[in-house]
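*Asks:* no sequence on hand, only this structure:
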Ligand code: NDP
């Protein structure tokens, strides 16, 4: 098999949580571009319609399953619906996420729980539900969207719950990779730096010094330059890679 062929996802089915906007929509487009059929998961049906249309306009087979990833029964329904519509599933991208900016002493129990519920507990639930299926079929790849915040403490905004959740995602990635490698299932994470989306107001002058000027490349990233890394981790191009956390941050964490 040639090097480029290894990136092909032709005939495979990928589920992207939080595929209704931002990075998830871009990951879905890139996975589809590599040949996969795609299932978008999220709560916002209107947003999903727009993403579905642009995928289908590009001849990508795509469906939306409305679901809240913090509800285990919803996650089971996502798996069942995917198998029903496509007959198989090969890739899970755990991308849905949330962030609360607040100094530690101001973080309420509800803030803490809301971030952990989506960023960590739901990654666990989705991984377990899909992982059980992948282990049974003897193949499958999981790509968890972590963050450079799992390695560093961002500034000037404080976000302790987010940072802790992403560090946990990175180590959960390694834990599942170790357990499921013998069953043909690979688990990796992508740790992005600042990428322009609703979650990351990279144009806000309040953040310019620390987010942009302090970074080696002195710019933020785009979803288009991040998404090929998900294709790499999802495809046979990374067949000997598991338990890795791939940092894509324009060099931010080098300082
Ligand atoms: P956005 O806020 O733009 O999008 C978040 C996505 O998550 C939406 O599609 C939303 O869908 C979905 N989502 C949130 N909660 C739930 C839920 N309970 N159930 C189902 N879906 C949910 O964020 P980004 O695109 O910027 O971030 C995507 C991922 O990348 C996150 O994990 C984030 O932490 C990570 N990341 C982002 C960085 C950045 O700079 N942008 C940097 C590093 C990591 P809906 O509203 O339809 O439910």
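*Replies:* Noted; the coordinates are in hand. Here the structure is a predicted model, which is why all the values come from computation and not from measurement.
*Asks:* every contact and neighbour count from this point should use C-alpha atoms.
*Replies:* OK.
*Asks:* quick one: the longest helix anywhere in the chain to chain centroid distance?
*Replies:* Longest helix of the chain, by residue count under DSSP state H: helix 160-180. A distance of 13 Å separates the centroid of the chain from that of helix 160-180, by Cα atoms, centre = their mean, to the nearest Å.
*Asks:* so how far is residue 239 from the nearest residue to residue 134 once chain neighbours are set aside?
*Replies:* Leaving aside its chain neighbours, residue 134 sits nearest to residue 140 (5.1 Å; criterion: Cα to Cα, 6 or more residues apart in numbering). Noted for residue 140: a distance of 11 Å to residue 239, by Cα to Cα, to the nearest Å.
*Asks:* how many neighbours does the residue lying closest to residue 72 once chain neighbours are set aside have?
*Replies:* Spatial nearest neighbour of residue 72, chain neighbours left out: residue 125 (6.5 Å); criterion: Cα to Cα, 6+ apart. Residue 125 is flanked by 19 other residues according to other Cα atoms under 10 Å.
*Asks:* now do the phi/psi pair for residue 125.
*Replies:* The phi and psi values for residue 125, taken as degrees, to the nearest 10, are phi -60, psi -50.
*Asks:* quick one: residues contacting it.
*Replies:* Under the criterion of Cα atoms under 8 Å, 6 or more residues apart in numbering, the contact partners of residue 125 comprise 70, 72, 75.
*Asks:* in this structure, which helix or strand is least confident?
*Replies:* Lowest by mean pLDDT, DSSP states H and E among the helices and strands of the chain is helix 205-207, with a mean of 94.
*Asks:* what is the neighbour count of the residue nearest to residue 134?
*Replies:* 25.
*Asks:* tell me the bridge partners for it.
*Replies:* Counting by DSSP bridges, residue 140 is bridged to residue 185.
*Asks:* how close does it sit to residue 177?
*Replies:* 11 Å.
*Asks:* got any residues that touch both of those two?
*Replies:* 185, 186.
*Asks:* quick check, pLDDT for the residue nearest to residue 134.
*Replies:* Residue 140 is assigned 98 on the pLDDT scale.
*Asks:* now do residue 1
*Replies:* 88.
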